[in-house]
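Student: Let's see this in three dimensions:
(4 chains)
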There are 2 protein chains.
Amino acid sequence: MIDKKNEPGDTSLQPLEKISMTDRVESRLGEYFKSQGLVPGDPIPKELEIAEALGVSRNVVREALSRFKMLGMIETKKRRGMVMTQPDILNSLERVLDPYLLDSHARKEIFELRLVLEMGLSHLLFARIRKEHIAELEEIVQRELNAKSVKERVQCDIDFHATLYKIAGNDILRRFQKLLLPVFDYELSYELKLKDKVSQGKVTHQGLLRILQTGTPQEFESAMYEHLKPHFDTIS
Amino acid sequence: MIDKKNEPGDTSLQPLEKISMTDRVESRLGEYFKSQGLVPGDPIPKELEIAEALGVSRNVVREALSRFKMLGMIETKKRRGMVMTQPDILNSLERVLDPYLLDSHARKEIFELRLVLEMGLSHLLFARIRKEHIAELEEIVQRELNAKSVKERVQCDIDFHATLYKIAGNDILRRFQKLLLPVFDYELSYELKLKDKVSQGKVTHQGLLRILQTGTPQEFESAMYEHLKPHFDTIS
DNA sequence: TTGGTTATATTTGTACTACATTAGTACTTA
DNA sequence: TAAGTACTAATGTAGTACAAATATAACCAA
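Tutor: Residues are numbered from 1 along each chain as shown, chains lettered A, B, ... in the order given. Purely as a prediction, here's the structure:
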């Protein structure tokens, strides 16, 4: 997607990137954490010690540390110093997944990622679905059938698929989907502008639900493919 | 995974988190970028302007900006100021996906994510596979059959699956998998310690390859499930 | 001794100043 | 016109100072 600069075969003259002290201190600290095998809870050196050891100002060190703090990799307590913490891996993604900041290629790939995820969910779904989940999906399908506006229908679409992720019972996956939503939404509204209507696959939500109740994971996977295929075709 | 603090129903007394100025400035800037609808290339205010506008020191502003720089959301040029850039969404993930920093629950969920991805890949694979890919997979399978040590076999396993991602032709997916690899590896070596041998599914790489040549996406998806099922069972 | 209070020291958080470095801009000069 | 020069505006780095929080030590009283 990005990083075209560093593609192996690229011989064009790119402006040589000058890494700042902060960048260097950051990567140096990252190496240090790994080489020391630090795990959450372990203390790390004081700001001044680091600054002195690396021969830079405390200012620079703090800018680097600030980055690790944002990632949730370290936490600070006054007088006690800093300790490693368990980062929330999706926290940083959140800040970056703004569709307006992504180019169309990246958006396409992310949309494709969605398709892959939802097709891959099938086995997990069948393994973990409960009666109350079925009821929840029923409700959404009903709501969709009664929907008056496009906006309403789109909301039902979002709800239906979000519920699937919930059923899968994997927190990271669920949150991941939630983060990706704005990107999907962006592509959908783009599609809407382009074709003046949201594509409707051969298989409806109702069809998917029926398969969940009485079908097999294989059937579901194929059905999901058919369900999403129109979007798939639009973006590629 | 984390963030248990902010679960809705939690009434336990958590230490009230004191957000630093840097945190506040960061989120304030994030809001600003979005509200202004800034896209890559657009300039943003000068450090001093921001500091003055928010009533904080330039120091704090720089710590917040440093975070955005790390995410690749802004770039700075001396004398010219700063401009929005297109972030590389996986860049930040890279720093955080250290298996030693993740707890077992997070690792399990990530491993599960892998299963979902690889099962979901099937349609993409069939749509994009080329002859040279088949040859590449053939070579890996051969290498695996001739492998002497466990280490060698594990490497073949990694190569085979990595090649699948490559065939899928989605850069983000491919890089995503590459990032997840250390986590998989960690789980695998854990499994190895536990059971003294790597689980072997009913379907081998050779079997998967055969299906890729003459089978259907549905068959492949099921086969992949069988192939990965042992790991699946081990972690859950 | 026990319990509680106070003092002290350490470490992070914020602010401010100063100067280096880079790179546009305008002006000068041949 | 073209090259060079001085100027200027912005970020990058360093250093100092002090505020705020808090673990630890010292102290005092029952």
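
Student: Can you give me the end-to-end span of stretch A:31-46?
Tutor: 17 Å (Cα to Cα, to the nearest Å).

Student: what distance separates it from the middle of the whole chain?
Tutor: The chain centroid and the centroid of stretch A:31-46 are separated by 27 Å, computed with Cα atoms, centre = their mean, to the nearest Å.

Student: That one near DNA strand D at all?
Tutor: No - Stretch A:31-46 stays clear of DNA strand D (Cβ under 7 Å from any atom of the strand), getting no nearer than 11.5 Å. Quick note: C-beta positions are derived from backbone N, CA and C, even for glycine.

Student: give me phi/psi at A:V56?
Tutor: Main-chain torsions, A:V56, degrees, to the nearest 10: phi -130, psi 170.

Student: Please read the previous query as pertaining to A:T76.
Tutor: phi -120, psi 140.

Student: Count residues in the vicinity of it, would you?
Tutor: When neighbours are defined as other Cβ atoms under 10 Å in any protein chain shown, A:T76 has 14 of them.

Student: surely it meets A:K69?
Tutor: Yes - applying Cβ atoms under 8 Å as the test, A:T76 and A:K69 come out as touching, 7.0 Å apart.

Student: which of the residues in the strand or helix carrying A:S27 are buried?
Tutor: Using DSSP states H and E, A:S27 sits in helix A:21-35. Neighbour counts over helix A:21-35 (16 or more other Cβ atoms under 10 Å in any protein chain shown) mark A:21-23, A:25-26, A:29-30, A:33 as buried.

Student: restrict those residues to contacts with chain B.
Tutor: A:22, A:26, A:30 (Cβ under 8 Å from any Cβ of the partner chain).

Student: just those now: which is nearest DNA strand C?
Tutor: Nearest to DNA strand C among those is A:T22, at 14.1 Å by Cβ to the nearest atom of the strand.

Student: With adjacent residues omitted, what lies nearest to that closest one?
Tutor: Distances taken as Cβ to Cβ, 6 or more residues apart in numbering or on different chains place A:E63 nearest to A:T22, at 4.4 Å, with adjacent residues excluded.

Student: From A:I74, how far off is A:G81?
Tutor: Noted for A:G81: a distance of 10 Å to A:I74, by Cβ to Cβ, to the nearest Å.

Student: Next, show the common contact partners of the two.
Tutor: A:I44 (Cβ atoms under 8 Å, 6 or more residues apart in numbering or on different chains).

Student: These two: which has the busier surroundings?
Tutor: Neighbour comparison, A:G81 and A:I74: the larger count goes to A:I74, with 24 against 14 (by other Cβ under 10 Å).

Student: Confirm for me that that one is in contact with A:F68.
Tutor: Yes - A:I74 is in contact with A:F68 according to Cβ under 8 Å; the separation is 4.7 Å.

Student: what does whatever helix or strand A:S92 lives in rub up against?
Tutor: Element membership of A:S92, judged by DSSP H and E, is helix A:89-96. By Cβ under 8 Å, 6+ apart, the residues outside helix A:89-96 that reach it are A:70-72, A:172, A:175-176, A:179, B:1, B:30, B:71-73, B:87, B:89, B:92-93, B:95-97, B:102, B:106, B:110.

Student: cool, and stretch A:66-76?
Tutor: A:26, A:29, A:33, A:44, A:65, A:82-88, A:91-92, B:2, B:22, B:26, B:63-64, B:66-67, B:70, B:92, B:95-96, B:101.

Student: Not counting residues beside it along the chain, what's closest to A:D233?
Tutor: A:S199 (7.9 Å).

Student: swap in A:G201?
Tutor: Per Cβ to Cβ, 6+ apart, closest to A:G201 is A:H227, 4.2 Å.

Student: For that neighbour, grab the count of nearby residues.
Tutor: 23.

Student: give the contact list for it.
Tutor: A:H227 touches A:201-205, A:207-208, counting by Cβ under 8 Å, 6+ apart.

Student: Kindly recompute the last result at 10 Å.
Tutor: A:115, A:118-119, A:161, A:200-205, A:207-208, A:220 (Cβ atoms under 10 Å, 6 or more residues apart in numbering or on different chains).

Student: Give me the pLDDT for it.
Tutor: A:H227 carries a pLDDT value of 93.

Student: And for A:T163, the neighbour number?
Tutor: The burial count for A:T163: 15, using other Cβ under 10 Å.

Student: List the buried residues in the particular helix or strand that has it in it.
Tutor: In this assignment (DSSP H and E), A:T163 forms part of helix A:150-168. Under the neighbour-count criterion of 16+ other Cβ under 10 Å, helix A:150-168 has A:153-154, A:156-157, A:159-161, A:164-168 buried.

Student: Of those, which is the nearest to DNA strand D?
Tutor: A:K166 (37.1 Å).

Student: so what's whichever residue of chain A sits closest to chain B up against?
Tutor: Nearest to chain B in chain A, going by Cβ to the nearest Cβ, is A:G120, at a distance of 2.6 Å. Applying Cβ under 10 Å, 6+ apart, we find A:G120 in contact with A:168, A:173, A:221, A:224, B:113-122, B:221, B:224-225.

Student: Mind doing that once more with 7 Å?
Tutor: Residues near A:G120 by Cβ atoms under 7 Å, 6 or more residues apart in numbering or on different chains: B:116-117, B:119-120.

Student: and the residue lying closest to it once chain neighbours are set aside, how far is that from A:L121?
Tutor: Distance criterion Cβ to Cβ, 6+ apart; nearest residue to A:G120, sequence neighbours excluded, is B:G120 at 2.6 Å. Noted for B:G120: a distance of 7 Å to A:L121, by Cβ to Cβ.

Student: Next: A:L71.
Tutor: For A:L71, the distance to A:L121 - Cβ to Cβ - is 28 Å.

Student: These two: which is more packed in?
Tutor: For A:L71 versus A:L121, the count of surrounding residues by other Cβ under 10 Å is larger for A:L121: 26 against 21.

Student: can you list the domain ranges for chain A.
Tutor: A:12-87, A:92-235 (automatic domain parsing).

Student: How far away from the center of its chain is the longest one?
Tutor: Right, domain A:92-235. For domain A:92-235, the distance to the chain centre is 14 Å (Cα atoms, centre = their mean).

Student: how long is that domain end to end?
Tutor: End-to-end distance for domain A:92-235: 27 Å, by Cα to Cα.

Student: Mind listing what's buried along stretch A:177-195?
Tutor: A:177, A:179-181, A:183-184, A:186-188, A:191.

Student: Select from those every entry located in helices.
Tutor: By the criterion of DSSP state H, membership of the buried residues of stretch A:177-195 in helices covers A:177, A:179-181, A:183-184, A:186-188, A:191.

Student: nearest to DNA strand C, of those?
Tutor: A:L179 (26.9 Å).

Student: Contact partners for the closest one?
Tutor: A:90, A:93-94, A:97.

Student: Per-residue pLDDT of it, please?
Tutor: pLDDT, A:L179: 93.

Student: Could you do the one 10 residues further on as well?
Tutor: Here the pLDDT value assigned to A:S189 is 82.
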